[in-house]
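**Student:** Predicted model and sequence follow; I will ask about them next.
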Amino acid sequence: MSASAKDVAADMVTIEIDGQEVLAPKGSMIIEAADKIGVSIPRFCYHRKLSIAANCRMCLVDVEKAPKPLPACATPVMDGMKVFTDSRRSKDAQRGVMEFLLINHPLDCPICDQGGECELQDVALQYGRSVSRFTERKRVVADENVGSLVATEMTRCIHCTRCVRFLDEVAGTNELGGMGRGERTQIGTWIGRSIDSEVSGNIIDLCPVGALTNKPFRFQARAWELRARSGIGSHDALGSNLFWHTRRNRILRIVPRDNDDINEAWLSDRDRYSHTGLEADDRATSPLLRDGDEWVATDWDSALQKAAEIMQTAGSDLATLVSPRTSCEEMVQLGAIVDGLGSTNIDHRLRQTDFADDAEQPIVPTFGASLDAVEQADVIVLVGSHLRHEMPLVATRVRKAARGGASVVIINPVDYTFHFPVADKTIASPRGMLKALTAKSSAAAKALKGAERAVVIAGEMIQTSPIGSALRAAVRQLASSNGASLCQIPVGANAVGAHALGMLPQRKAGGDAREAGKTALQMLSKAQKGWLLYNFEPSVDSAVGQSAVDTLKQGPVVYIGAYASDEVRSFADVILPIAEWGEADMSQLNCLGHLQSIAAAVSPQGEARAGWKVLRRLGDQLGLSTTAVDNVQALTLQAAELIERASSVDAPEAPAAKKPSGDAPALERVCEVPIYAGDVMLRRSPALQQTSHATDGYCGLSPKDAAAAKVADGDVIQVSVGQHSTQLAVVIDEQLPQGAVRVPTATAGTSCLPNSDEGVEIQKVAQ
């Protein structure tokens, strides 16, 4: 036997379960070994991703030589152990536990949303009695309003504490707990708070009864009426695996699909609840043509003919802006159309303002480490990122690493509240961050020096900052000089795919360089001969805000999108309606380099069509043969080949750190996108817009900056960036360093302000 084989054998033990021999790791529990060989043991409190509580006792099993039945979830395996899960002793114990669990449980199965998929219902069918021996009055527990996402019926609670453990161990928010003792024990929040975690919906999946249910889905359908369709999340570049639950051509609910390489068993709230925005009042359900100041519904042929006329007239000067949520198939078709017209003016980096380092950027900017590697890291440096809001399920991996002993070092413009311990942090304005990144004696450099498994995570602010090229160079140099894996968080669910598939002015699909056209910022800075806009709203999805709309009003615009908002109607000349995520076959390249394909869960609404089909028809009108693809599978294969080609192109060397041009403004803007305002679907989700994370915009000032400006919390001030200004309420924010002003973007109240290096000026408004 080899040394490695001996080591493996030394860490394993052999046990017997119902006559079957099982090889199990030392220290593992009986229930894990049973699951491994498919032996079913009933359970309520046990979950493979949570700590062991052993408080439901439903998993009692008979162990040879043990004086009484033992809980399978909390009994470690021992060499030679014999376990009997189907013996009279174990069955009697399980039936007794079930009888006690049902003493206080209400008999409201006919009206319970969990009916048909309730773990208690399933287990009671096998282990419960037909008649209860208890005649005492059942207890009643008052319900709490914990927010717009989770509905509570706590009389049904069986105190498994899965929800408590999840919010404590995984979410790190500790928002639920047990109060009282004995039969008076209740699970609830403290002092009537809402549950504000960005991953709160997972407690619904974990609840084995109907105590916690999906509030937007409540009373919409029964479990047996729903059809499950595999899908992926479309609101960050992780591409979480999920199931769409549909009925009568409507997506009614979304639940996680297990994938330990990506989202484990969890789902972020924005991926879970965003589908409620699919039925917004301004969904584009038919082709529309402008007739003066009016909009007229028309047929597809007429709309496509008008769109083709605008694009042919613009020719090589056509300006094309693409949402980074767009599927790979649509990007392949878009690239073919733009190339066919001879244009190189195409970009998906709508929020980016500094493009000076385009030639130095990775061809396909995937993570330099797997999520398992992030979990196993001994040092993690987080730069310019509100990770909990940018990638909630990557943040849970960092939390797992920190709880396992990893040192987390933060360099941020805001002292965000993280759900993991932080070893050191530097809170500074964007230019102060740059200074910290380039200092050889900084906390980050010291932590990385000598680390065996180091990871540097660069957040969205590094991509969108007005001094982004300098920050990106400093981050890449910090990582490369210390042998750390660099993980840049993409801005957009398919931003990685957009890089590989040529949604850039300087690179073709497949990664080949070309003579650079105009960037998104250059296009939106002045009128163009013709525009093609794909599924985004310029005022809240671009770096220049409301001025983008003013620019677009000067030129003919073809708009292809899922929503025909008042803003879109104000500048577009033709609107072509397309399917949203879940309504068409499509694929996405996530930040880990996984190309994930999904089939449609429902049909597009009204006369809307899959985006790739609309682009094929548009290519026909333009006389282009390169878009004449008749099936989505061929486009997916083409996208995969182009991505593989792009991935094989050598990455450029890490650039030397550079200084931003110009003097530092007195007040630098921290321009972050609120978690539920990042794209057209999220902004239309009623459930998400009722949470505490939704905002109409404000101006956050440090106490010192507020004192210098002589303003107090709640005062209304004039906030100006260059020639653009608006009035916002002041929020005194102790999380901000002096010299940094926190003005979120992508909100109605702040859409007029561009993300600019001109700095921010504030002035109190006379009352």
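**Tutor:** Received it, and whenever you're ready, just let me know what you need. Residues are numbered from 1 along each chain as shown.
**Student:** got the phi/psi numbers for Leu595?
**Tutor:** Dihedral pair for Leu595: phi -90, psi 110, per degrees, to the nearest 10.
**Student:** hey, what's it bridged with?
**Tutor:** Leu589 (DSSP bridges).
**Student:** any idea how far it lies from Val394?
**Tutor:** 19 Å (CB to CB, to the nearest Å). (Each C-beta comes from the backbone N, C-alpha and C, glycine too.)
**Student:** what about the two, which has more around it?
**Tutor:** More neighbours surround Val394 than the other of Leu595 and Val394, with 23 against 18 (other CB atoms under 10 Å).
**Student:** The host helix or strand of that one: which residues count as buried?
**Tutor:** Secondary structure from DSSP states H and E places Val394 in helix 392-403. Applying a neighbour-count criterion of 16 or more other CB atoms under 10 Å, one finds Pro392, Leu393, Val394, Ala395, Thr396, Arg397, Val398, Arg399, Lys400, Ala401, Ala402 buried in helix 392-403.
**Student:** Pairing partners for the next helix or strand after that helix, with directions?
**Tutor:** Next helix or strand after helix 392-403 toward the C-terminus (DSSP H and E): strand 407-412. The pairing partners recorded for strand 407-412 under DSSP bridges are strand 379-383 (parallel), strand 424-427 (parallel).
**Student:** Out of those strands, which is closest to Val719?
**Tutor:** strand 424-427 (21.6 Å; CB to CB).
**Student:** List the neighbours of stretch 721-733 that are in contact with it.
**Tutor:** With contact meaning CB atoms under 8 Å, 6 or more residues apart in numbering, stretch 721-733 is reached by 414, 545-547, 669, 697-703, 706, 711-719, 742-743, 749-750, 752-754, 756, 758-761, 765.
**Student:** Return the distance of it from the chain's centre.
**Tutor:** 28 Å (CA atoms, centre = their mean, to the nearest Å).
**Student:** what comes up buried for that stretch?
**Tutor:** Buried residues in stretch 721-733 (16+ other CB under 10 Å): Val721, His724, Thr726, Leu728, Val730, Val731, Ile732, Asp733.
**Student:** Phi, psi for the fourth one please.
**Tutor:** Per-residue torsions, Leu728: phi -140, psi 160 (degrees, to the nearest 10).
**Student:** From Gly606, how far off is the residue nearest to it when sequence neighbours are not counted?
**Tutor:** For Leu728, ignoring the flanking residues on the chain, the nearest one in space by CB to CB, 6 or more residues apart in numbering is Cys699 at 4.2 Å. The gap separating Cys699 from Gly606 is 41 Å, by CB to CB.
**Student:** Please apply the same query to Asp168.
**Tutor:** With CB to CB as the criterion, Asp168 and Gly606 are 45 Å apart.
**Student:** give me the low-pLDDT residue ranges for the stretch 1-150 of the chain?
**Tutor:** 1-9 (pLDDT under 70).
**Student:** where along it do the helices fall?
**Tutor:** 3-10, 30-36, 88-101, 119-127 (DSSP state H, counting those that start in this stretch).
**Student:** Reformat the ones you listed into TSV and put mean neighbour count next to each item.
**Tutor:** Conversion of those to TSV gives the following (neighbours: other CB atoms under 10 Å):
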stretch	mean neighbour count
helix 3-10	10
helix 30-36	20
helix 88-101	17
helix 119-127	16
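**Student:** how about the ones you listed in a markdown table, adding distance to Asp679?
**Tutor:** As requested, the helices of the stretch 1-150 of the chain are exported to a markdown table (distance: least, CB to CB, whole Å):
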| stretch | distance to Asp679 |
| --- | --- |
| helix 3-10 | 47 |
| helix 30-36 | 38 |
| helix 88-101 | 43 |
| helix 119-127 | 35 |
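**Student:** and the helix or strand in which Pro577 is found, which strands flank it?
**Tutor:** In this structure, Pro577 is located in strand 574-577 according to DSSP H and E. If you go by DSSP bridges, strand 574-577 pairs up with strand 288-291 (antiparallel), strand 557-561 (parallel).
**Student:** downstream neighbour of the shortest one in the secondary structure list?
**Tutor:** When you say that, I think you mean strand 288-291. strand 294-297.
**Student:** counting contacts, what elements does the next helix or strand after that next one pack onto?
**Tutor:** On the C-terminal side of strand 294-297, the closest following helix or strand by DSSP H and E is helix 300-314. Using 3 or more CB pairs under 8 Å, 6 or more residues apart in numbering; DSSP states H and E, the elements in contact with helix 300-314 are strand 288-291, strand 557-561, strand 574-577, helix 611-621.
**Student:** To Ile262, which of those lies closest?
**Tutor:** Across these (criterion: CB to CB), the nearest stretch is helix 611-621, sitting at 24.1 Å.
**Student:** next one: whichever helix or strand comes after that closest one to chain centre, how far?
**Tutor:** Per DSSP H and E, the first helix or strand lying C-terminal to helix 611-621 is helix 632-648. Averaging C-alpha positions (CA atoms, centre = their mean) puts helix 632-648 24 Å from its chain's average.
**Student:** which strands and helices sit next to helix 632-648?
**Tutor:** helix 328-340, helix 495-500, strand 586-589, strand 595-598.
**Student:** Make TSV out of these and add distance to Lys435 and mean pLDDT.
**Tutor:** Formatted as TSV, the helices and strands packed on helix 632-648 follow (distance: least, CB to CB, whole Å; pLDDT from 0 to 100):
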stretch	distance to Lys435	mean pLDDT
helix 328-340	38	97
helix 495-500	28	98
strand 586-589	35	97
strand 595-598	39	96
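**Student:** want to throw those into a markdown table with distance to Ser441?
**Tutor:** A markdown table is the format used below for the helices and strands packed on helix 632-648 (distance: least, CB to CB, whole Å):
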| stretch | distance to Ser441 |
| --- | --- |
| helix 328-340 | 44 |
| helix 495-500 | 34 |
| strand 586-589 | 39 |
| strand 595-598 | 42 |
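**Student:** Deepest-packed of the strands paired with strand 574-577, please.
**Tutor:** strand 557-561 (a mean of 25; mean count of other CB atoms under 10 Å).
**Student:** Name the residues of the next helix or strand after that one that come out as buried.
**Tutor:** Downstream of strand 557-561, the next assigned helix or strand under DSSP H and E is helix 566-571. Neighbour counts over helix 566-571 (16+ other CB under 10 Å) mark Glu567, Val568, Arg569, Phe571 as buried.
**Student:** Just give the nearest non-adjacent residue to the second one, would you?
**Tutor:** Nearest-residue entry for Val568: Tyr559, 5.5 Å, with adjacent residues in sequence omitted and distances by CB to CB, 6+ apart.
**Student:** Any idea which residue is closest to the centre of the protein?
**Tutor:** For the chain, the residue lying nearest the average C-alpha position, counting by CA atoms, centre = their mean, turns out to be Asp236 (4.1 Å).
**Student:** Which parts of the stretch 451-600 of the chain are helices?
**Tutor:** Using DSSP H, counting those that start in this stretch, helices in the stretch 451-600 of the chain cover 460-464, 468-481, 495-500, 520-525, 538-541, 546-552, 566-571.
**Student:** actually the stretch 151-300 of the chain, not the one I typed
**Tutor:** So, for the stretch 151-300 of the chain - with DSSP H, counting those that start in this stretch - the helices run 162-165, 202-206, 269-273, 300-314.
**Student:** mind listing what Asp122 touches?
**Tutor:** With CB under 8 Å, 6+ apart, Asp122 has no contacts at all.
**Student:** Over to Leu701?
**Tutor:** Leu701 neighbours (CB under 8 Å, 6+ apart): Ala709, Val711, Val730, Val731, Ile732, Asp733, Leu736, Val741, Arg742, Ile762.
**Student:** Try it again at 10 Å.
**Tutor:** 667, 707-709, 711, 713, 715, 717, 730-733, 736, 738, 740-743, 760, 762 (CB atoms under 10 Å, 6 or more residues apart in numbering).
**Student:** Check it and give its pLDDT.
**Tutor:** With respect to pLDDT, Leu701 has a value of 96.
**Student:** Brilliant, that's me finished.
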